[in-house]
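In: Show me how the following folds:
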Amino acid sequence: MTTESVFTGLKVLDASSFIAGPAAATMLSDFGADVVKIEPPGAGDPQRRLSSVPPSPQAEANYSWHLANRNKRGMVLDLKSPAAVEVLRRLVCRADVVITNFPHGTREKLHLGYEEVSGWNPRVIYADLTGFGDTGPDARQPGFDLTAFWSRSGLLAATRDAGAPPTVPVWGSGDYTTAVAVYAAVTTALYHRERTGRGADVGTSLLATGVWATGTLIAGALAHGTPFALHDRKAPANPLVNPYRTADGEWFMLVASPLRWPGLTRAVGHPELLEDPRFADLEGMVRHADALAGLLDAAFRARPFGHWADVLTRERITYSLIQTPEAAARDEQLRANDIVVPIEGVGGLTETVNSPVLLRGVPKVPAKRAPELGEHNDEILAELGFGPAEIEALRAGGALGGGPEAEPPR
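Out: Sure, this is the predicted structure:
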């Protein structure tokens, strides 16, 4: 039985790859959109291989492919082949949304530039993604989330401790963040089309979303603010916002407002700290951050995390255990809130990560495996009006890369 949802009947052409564009299309598919993903012949979208590239966790299932491409139908289409142009035109003409991340210049050569696409379909929502934006000296520079989102935005330089060199962040995290921005751009444009009847050209860049994620620090720099030094856990800028270690070796993040200072002194068993003039206000705590961090460090190291969870909760002080991804995957809170959901049809994989947008009372489509390479070629071509002889001619002409290149679902 088909699940009816917000975008049931909406047709999306996913002409993007690796990772943000496809993930945005997946978010639309989660709410019922019919997404057709086109891939080049041969190896297809490079994300098909991401699960096997270090430091991705080693597993039997191709989990990253299914995460960003579930619930789609897949076609192989060689956009470099002249015979593919008519197929692409028909795909565009039936689409409500086209998503691409081909670089400027390349997309025009492949007949995926906005002018040509909107000429075929004036009502289409054309959503694109770049590394560094549409203009400027680096507009055509290739960009991944590690470079454009994390490194160029200032986020990576600020996300480390004093004395530590920059590290490699969780790759893909900037892409999945950017996917939400692409999804937001598409849904905004769909509302615009509902009001005006006109299509739209929308998009974002990894750099834009990276700067948005670093917004507090970038806005502070724009205000000519004086930055604090890089974080030093033993002498933090604010010892009430700091990671601490417990007696059983767990780490947790403390985020206590000054209003919770009396409760924190009770929680750590040192109410006399309320009378210490060094810590009478936040300014004093900052001036004597090393002393206060040392006191809290010693207190928290004296008891196991379970004790601190009880007393901090009782005092209504905000904290969180710093979990590994493996521990987070087992966290019952994720399943209680459908943050992790079942997925069908993948050997060695029974669950995947849900997209973060929630419409209460409106169901999402149950997650099903991502398509095999070229799996739905004939089915979609028939829907586009191509007969069997025409499909064979397209295959012979190279538009389909010489035939279905299916791989077993994993």
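
In: Strands of this protein, start to end?
Out: For the chain, applying DSSP state E gives strands covering 11-15, 34-39, 72-76, 97-100, 125-130, 200-205, 241-245, 251-255, 318-321, 340-344, 351-353, 367-368.

In: Who does the fifth one pair with, and is each partner parallel or antiparallel?
Out: On the basis of DSSP bridges, the sheet neighbours of strand 125-130 come out as strand 97-100 (parallel), strand 200-205 (parallel).

In: Need the mean per-residue confidence for the shortest one.
Out: Strand 97-100 shows a mean pLDDT of 98.

In: same check, this time on stretch 12-23
Out: Here the average pLDDT along stretch 12-23 is 97.

In: shaky segments in this structure?
Out: 1, 402-410 (pLDDT under 70).

In: What residue in the protein is the furthest from its centre?
Out: Here the centre of the chain is the reference, and by Cα atoms, centre = their mean the most remote residue is residue 275, at 46.6 Å.

In: That one and residue 262, how far apart?
Out: 11 Å (Cβ to Cβ, to the nearest Å). Bear in mind the C-beta positions are built from the backbone N, C-alpha and C, glycine included.

In: before we move on, back to that, return the most buried member of the strands paired with strand 125-130.
Out: strand 97-100 (a mean of 27; mean count of other Cβ atoms under 10 Å).

In: who touches that strand?
Out: 10-16, 21-22, 24-25, 28, 33, 92, 107, 112, 117, 124-129, 182, 186, 190 (Cβ atoms under 8 Å, 6 or more residues apart in numbering).

In: now could you export just the CA positions of that strand as CSV?
Out: Output of strand 97-100 as CSV, limited to C-alpha atoms (Å, rounded to 0.1, in the frame of the first residue of the first chain):
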residue,chain,number,x,y,z
VAL,A,97,11.8,19.9,-9.3
VAL,A,98,15.3,19.4,-10.8
ILE,A,99,18.3,19.2,-8.5
THR,A,100,21.9,19.3,-9.7
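
In: Distance from the chain centre to that strand, please.
Out: 17 Å (Cα atoms, centre = their mean, to the nearest Å).

In: What of stretch 336-351?
Out: 18 Å.

In: ok, and for that stretch, which residues are buried?
Out: If you call a residue buried by 16 or more other Cβ atoms under 10 Å, then stretch 336-351 has these buried ones: 340-341, 343, 346, 349.

In: What are the contacting residues of it?
Out: Counting by Cβ under 8 Å, 6+ apart, 59-63, 66, 70, 329, 333-334, 352-354, 356, 358, 364, 366-369, 409-410 sit against stretch 336-351.

In: Just the buried residues of those residues.
Out: Applying 16+ other Cβ under 10 Å to those flags 61-63, 66, 70, 334, 352-354, 364, 367-369, 409-410 as buried.

In: Could you pull up the residues touching the residue farthest from the centre of the chain?
Out: Contacts of residue 275 (Cβ under 8 Å, 6+ apart): none.

In: do residue 301 as well
Out: 244-247.

In: quick one: which of those has the most company?
Out: Across the contacts of residue 301, the neighbour count under other Cβ atoms under 10 Å reaches its highest value at residue 244, namely 22 neighbours.

In: Surely that one touches residue 294?
Out: No - between residue 244 and residue 294 there is no contact under Cβ atoms under 8 Å: 11.0 Å.

In: Can you name the residues that contact the residue positioned nearest the centre of the chain?
Out: With distances taken as Cα atoms, centre = their mean, the chain has residue 176 as the residue nearest its mean C-alpha position (0.9 Å). For residue 176, the contact set (Cβ under 8 Å, 6+ apart) comprises 19-20, 23.
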